[in-house]
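[1] The sequence and its predicted three-dimensional model are supplied below.
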Amino acid sequence: MASDGSDEFRLVSPSISNEGRLPRHYTDEGQGAKKNISPPLEWYNLPQDTKSLALVVEDIDAPEPEDPIVPWTHWVVVNIPPTIKGLPEGFSGKEEEMGGDYSGIKEGTNDLKKTGWHGPRLPNHGHRLQFKLYALDDQLHLGNKVTKEKLLDSIGGHVLGEAGLTAIF
């Protein structure tokens, strides 16, 4: 079925245009306390029968000494209910405080072995930070320690759609 784009499952950020720069206060660089704040995200046109959403944010240009490109995970979020239409700026770490539909959301461990959003701090800039949102036909039961690997292993056969956004850091 051809799509005119208007009914496409989409992920956007009011603060970041696709292929646009990631604003500095979402990173781990710069002065002052206003940094490492998770960026706002919004999504549209969820696939029919979506029961939960899962988000993975990774630097897809991350260098590893042994291997040229190994994606670096900055944020993993699972069990986002389809009743909410986005995550507000600074959401990371506040799901319990916000309550309501947000309270069942679970943040996973990033590649720094910390829970929640951790913005990039890089030796060189120009890396692409990829936000990928998965629409799933079920809730995920990943136990206490949620990781990108556990998430990706468990969603096979459950993905109804994917939406993405890329920012340049």
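    Thanks, I have the structure now.
[2] can you map out the helices along this protein?
    Using DSSP state H, the helices of the chain run over 95-98, 148-154.
[3] With respect to residue 73, which of the ones you listed lies nearest?
    helix 148-154 (4.7 Å; Cβ to Cβ). For every residue, glycine as well, the C-beta is placed using N, CA and C.
[4] by contact count, what packs against that closest one?
    Contacts defined by 3 or more Cβ pairs under 8 Å, 6 or more residues apart in numbering; DSSP states H and E place helix 148-154 against strand 52-59, strand 72-80.
[5] can you list those strands in a markdown table and add mean pLDDT, distance to residue 158 and mean neighbour count?
    Converted to a markdown table, those look like this (pLDDT from 0 to 100; distance: least, Cβ to Cβ, whole Å; neighbours: other Cβ atoms under 10 Å):
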| stretch | mean pLDDT | distance to residue 158 | mean neighbour count |
| --- | --- | --- | --- |
| strand 52-59 | 96 | 9 | 23 |
| strand 72-80 | 95 | 12 | 24 |
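[6] Output the ones you listed in a markdown table, with distance to residue 149 appended to each entry.
    Supplementary listing: the helices and strands packed on helix 148-154 in a markdown table, determined by distance: least, Cβ to Cβ, whole Å:
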| stretch | distance to residue 149 |
| --- | --- |
| strand 52-59 | 10 |
| strand 72-80 | 9 |
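[7] Many thanks, I have nothing further to ask.
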